[in-house]
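> coords below, sequence missing:
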């Protein structure tokens, strides 16, 4: 049986991830000046929530650090500590430490205690600095005017906080309760509660779920403002809260009469003497009282939320979200895939039965097809996520790499909201990480060199995401020196990748860096030279059905462009047949289709032809032969040719028997269901129920090109797969 | 013999509209409110009770609070109100009940 506590713990860590992301984006907003008034509160709440949750699971190291962090953030919030760049730099690094503590707690791993201790020491320093710079805590918003009261003669000798609490109706709608808040407040010390009914309307005119009452509370407690704010932590957005510290508090005399607009008068009750009897009552009633917050049962809460939603048409209403186990979504996607296949089968049967296109059946089927497509799109949209989650990891990476290399780096991001399938998101993090490391380590010049060159000392790395023709395009660009082409070519010659006398275009030289084992760095550094070159990045991108390319301008920087499919679950493909086998060729790879003429075909070798095409020559690939379906090569004139383009813009002409049209197919992984087969990207199920293989165009093109170039082709061991 | 209104056990946000309606329906006549079964009192029901008292004062009708439960009295006090704030023309009675 599943441990319920483990599930709650998992939810806590998921929420921590969200809070950490919020914390980081808030701090970055504060750093670059785009922060709003609410940002510092959001940042504080993020840390505070993590502390609270960590406390439940007795994650002491996390609680302790979050507490130190929170204390400093609270000082910023209350204005006693200025959010200077130095302070924000400490906060950002503290966010990294906090993230590490969360991860360590999640994995039951080790934490770098020395780093945590050093961070705490830094906090001590800024806290001290904050205290010496700041004057007395600023009073919160004045309460004058709201409450007219005569100062009590002995208020100077009494030390109490004045709290003015005006709940909004959203507070109640979210299942919060003033009585619970007051009970919490009473834990801090003695309280005197004054009830203000001046805004209470006539019975017949009142909204029973409105919020007309407000409170003026005197708190006799030796605590700080943070402790009081903690009580109101979760309702702060839904109320007005004014806290006046003891030094400035003015007493209000017992018996003060408040007169409302409607003439309704209310008299404050005299301050109760906190005698032993009452103290006992408090002790008795307190445990009987429902525990704060947890008491709000989900049912009540949702009803309340619905009630308020009907009433308040709040434009800023936060979208309602639910957490769903990914397996369930995947199961649904699988089922929708089956539905698409089934629908295609049904169409096929209708066609075979010879039912007229204008018949009711055919028309109903067409509607079914639209509906199926819509369901499929909607289901895919569930899995779509903004790339923000990946982008948010990058600022930390940049900080770390910048610190390691001693370079000053600014990271700019654009298009964080661009959505892409979750599986794609999960798999782009590593390539992006590597590309950004690479951009900082190899792309940007050292600070001294930049200054010499008259560039800004701070280098810029820009990360962009956008949608382009049904794919997601990610760009990593830097304003560094660009690719040192002479050195790249030299290195390529040394490694025997190119002949010493080879004439290469700039583009070709730039793309050499994607070759295996290629690194121009004079020494292998900790940062990007971990034995992983750009070839590994390219491979992982290609494995995702993506392409990577580079453009570089000497002295101005380089841009790596990654183009990936939006989803790995469906694919638009061309249905073709080759020697009786149905194959799918991804539509994205097809440039054009043509009918080759015998005069344009030039044999190069026994099995190798090239096609003259608009003044150039393109290698021709007999798809059936290359996959091992037959030994006999097809006569080019009797075939249909598809000009395809693989990654890096490499082209080839694929020869097939016939084209049967294009359609969207559901991708079924071969690796998961059988095993990886070179030359085949995946499989799908056709309308007639048969399995069709999806061609790995890049592999086929690469093979054709290497054959044409006289190098040993990579073996496409496909005969086994057929 | 005046009308009687027995308060529900839970006087929270959800209960407020019903409570409000109950008072509206009983306007113009003396009313005895029985708080004996109340186990939880929220601010929104309190404001209905306070508005009802004001309405009964305006109507010149008698409003009584009977048998308030310990929980009711304790929360009332916590929220800064007294039984007298909920009754009209029955102060003596209210004080006895509060004791």
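Yes, it's here. What you see is a predicted model; the values in this text were computed from it and never measured. Numbers count the residues shown, from 1 in each chain, chains lettered A, B, ... in the order given.

> Okay, now the unreliable bits of chain A?
A:1-3, A:129-159, A:247-319, A:469-470, A:516-532, A:567-568, A:606-607, A:647-649, A:705-722 (pLDDT under 70).

> Please repeat the previous calculation with a cut-off of 50.
Applying pLDDT under 50 to chain A flags residues A:1, A:134-158, A:248-302, A:304-305, A:307-317, A:522-531, A:710-715, A:717-722.

> Identify the residue nearest the geometric centre of it.
Centroid-nearest residue in chain A: residue A:389, 1.5 Å away (criterion: CA atoms, centre = their mean).

> Now name the helix or strand holding it.
Using DSSP states H and E, residue A:389 maps to helix A:388-391.

> Now the element after the longest helix seen in chain B, going C-ward?
Using DSSP state H, we find that the single longest helix of chain B is helix B:43-59. Per DSSP H and E, the first helix or strand lying C-terminal to helix B:43-59 is strand B:63-66.

> still on that earlier bit, which residue is the nearest non-sequential neighbour of the residue nearest to the centre of chain A?
Nearest residue to residue A:389, sequence neighbours excluded (CB to CB, 6 or more residues apart in numbering or on different chains): residue A:425, at 6.4 Å. C-beta: built from backbone N, CA, C; applies to glycine.

> cool, residue B:66 as well?
Per CB to CB, 6+ apart, closest to residue B:66 is residue B:34, 4.8 Å.

> ok, now which ones touch the one you found?
Counting by CB atoms under 8 Å, 6 or more residues apart in numbering or on different chains, residue B:34 makes contact with B:4, B:5, B:6, B:7, B:66, B:67.

> how close does the third one sit to residue A:27?
Separation of residue B:6 from residue A:27 (CB to CB, to the nearest Å): 55 Å.

> Same check on the first one?
The gap separating residue B:4 from residue A:27 is 60 Å, by CB to CB.

> hang on, the earlier thing: helix or strand right after the host helix or strand of the residue nearest to residue A:389?
Here residue A:425, judged by DSSP H and E, is contained in helix A:422-438. With elements assigned by DSSP H and E, the helix or strand that comes after helix A:422-438 is helix A:447-452.

> For that next one, could you pull out the residues that count as buried?
Residues A:447, A:450 are the ones in helix A:447-452 that count as buried (16 or more other CB atoms under 10 Å in any protein chain shown).

> all helices of the stretch 501-650 of chain A, in order?
Along the stretch 501-650 of chain A, counting by DSSP state H, counting those that start in this stretch, helices occupy A:506-511, A:534-543, A:623-626.

> what angle separates the longest one from helix A:422-438?
Yep, that's helix A:534-543 we're talking about. Angle, helix A:534-543 to helix A:422-438, by axes from the mean of the first three to the mean of the last three CA atoms, to 10 degrees: 160 degrees.

> So for helix A:534-543, what gets flagged as buried?
Residues A:534, A:536, A:537, A:538, A:540, A:541, A:542 are the ones in helix A:534-543 that count as buried (16+ other CB under 10 Å).

> by contact count, what packs against it?
Contacts defined by 3 or more CB pairs under 8 Å, 6 or more residues apart in numbering or on different chains; DSSP states H and E place helix A:534-543 against helix A:422-438, strand A:547-553.

> want to try TSV for the ones you listed, with mean neighbour count as columns?
Formatted as TSV, the helices and strands packed on helix A:534-543 follow (neighbours: other CB atoms under 10 Å in any protein chain shown):
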stretch	mean neighbour count
helix A:422-438	20
strand A:547-553	19
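
> Figure out which of the ones you listed is closest to residue A:98.
Residue A:98 sits nearest to helix A:422-438 of all the helices and strands packed on helix A:534-543, at 20.0 Å, using CB to CB.

> what separates the closest one from the chain centre, distance-wise?
Between the centre of helix A:422-438 and the centre of its host chain there is 12 Å, according to CA atoms, centre = their mean, to the nearest Å.

> does residue A:19 count as helix, strand or coil?
helix (DSSP: H, G, I helix; E, B strand; the rest coil).

> Now tell me which helix or strand of chain B has the poorest mean pLDDT.
Within chain B, no helix or strand scores below helix B:91-98, which has a mean of 41 by mean pLDDT, DSSP states H and E.

> give me the number of residues near the closest residue to residue A:161 other than its chain neighbours?
If the residues on either side of it in the chain are set aside, residue A:161 comes closest to residue A:219, at 4.3 Å by CB to CB, 6+ apart. Applying other CB atoms under 10 Å in any protein chain shown, we find 24 residues neighbouring residue A:219.

> Could you say which helix or strand holds residue A:219?
Assigned by DSSP H and E, residue A:219 belongs to strand A:214-220.

> After that strand, which helix or strand is next?
Taking DSSP H and E, what comes next after strand A:214-220 is helix A:225-231.

> after that next one, next one along is what?
strand A:239-244.

> buried residues in that next one?
A:239, A:241, A:242, A:243, A:244.

> Which one of those is nearest to residue A:593?
residue A:239 (67.1 Å).

> residues in contact with the closest residue in space to the closest one that isn't next to it in sequence?
Distance criterion CB to CB, 6+ apart; nearest residue to residue A:239, sequence neighbours excluded, is residue A:167 at 4.5 Å. Residues near residue A:167 by CB under 8 Å, 6+ apart: A:176, A:178, A:211, A:213, A:214, A:235, A:238, A:239, B:43.

> So which of those is surrounded by the most neighbours?
Neighbour-wise, those (other CB under 10 Å) top out at residue B:43, 29 neighbours.

> which residue sits closest to it, ignoring its sequence neighbours?
Per CB to CB, 6+ apart, closest to residue B:43 is residue A:178, 4.1 Å.

> picking up where we left off before, between the helix holding residue A:425 and strand A:547-553, how big is the angle?
Per the same axes, to 10 degrees, the angle that helix A:422-438 makes with strand A:547-553 is 30 degrees.

> Near residue A:54, how many residues? Count them for me, please.
23.

> Residue A:189 too?
Around residue A:189 there are 17 residues (other CB under 10 Å).

> Same question for the one 3 residues further on.
Close neighbours of residue A:192, defined as other CB under 10 Å, add up to 20.

> Look at it and give its secondary structure.
strand.

> what bridges to it?
Going by DSSP bridges, residue A:192 is paired in beta bridges with residue A:218.

> that older thread, and the helix or strand following the helix holding residue A:389, which residues are buried?
Remark: after helix A:388-391, the chain's next helix or strand is helix A:394-405, criterion DSSP H and E. Within helix A:394-405, the residues that count as buried by 16+ other CB under 10 Å are A:394, A:395, A:396, A:398, A:399, A:401, A:402, A:405.

> Repeat that for stretch A:617-629.
Buried residues in stretch A:617-629 (16+ other CB under 10 Å): A:618, A:619, A:620, A:621, A:622, A:623, A:624, A:625, A:626, A:627, A:629.

> would TSV of those residues with distance to chain B be doable?
What follows is the buried residues of stretch A:617-629, written out as TSV (distance: CB to the nearest CB, whole Å):
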residue	distance to chain B
A:618	73
A:619	74
A:620	75
A:621	71
A:622	74
A:623	68
A:624	71
A:625	75
A:626	71
A:627	68
A:629	70
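
> ok, those vs residue A:655, which is closest?
Among the buried residues of stretch A:617-629, residue A:622 lies closest to residue A:655 (CB to CB), at 4.9 Å.

> Residue 56 - nearest residue in space that isn't next to it in sequence?
Answering for chain A, as no chain was given. Closest to residue A:56 by CB to CB, 6+ apart is residue A:12, at 7.4 Å.

> should've been chain B
That would be residue B:63: by CB to CB, 6+ apart, it lies 3.9 Å from residue B:56.

> what does chain B have sitting close to chain A?
Contact residues, chain B versus chain A (CB under 8 Å from any CB of the partner chain): B:12-14, B:16-17, B:19-21, B:23-24, B:27, B:40-44, B:46-48, B:50-52, B:54-55, B:58, B:70-71, B:74-75, B:77-82, B:85.

> okay, now the domains of chain A?
A:4-133, A:161-311, A:326-385, A:387-565, A:570-708 (automatic domain parsing).
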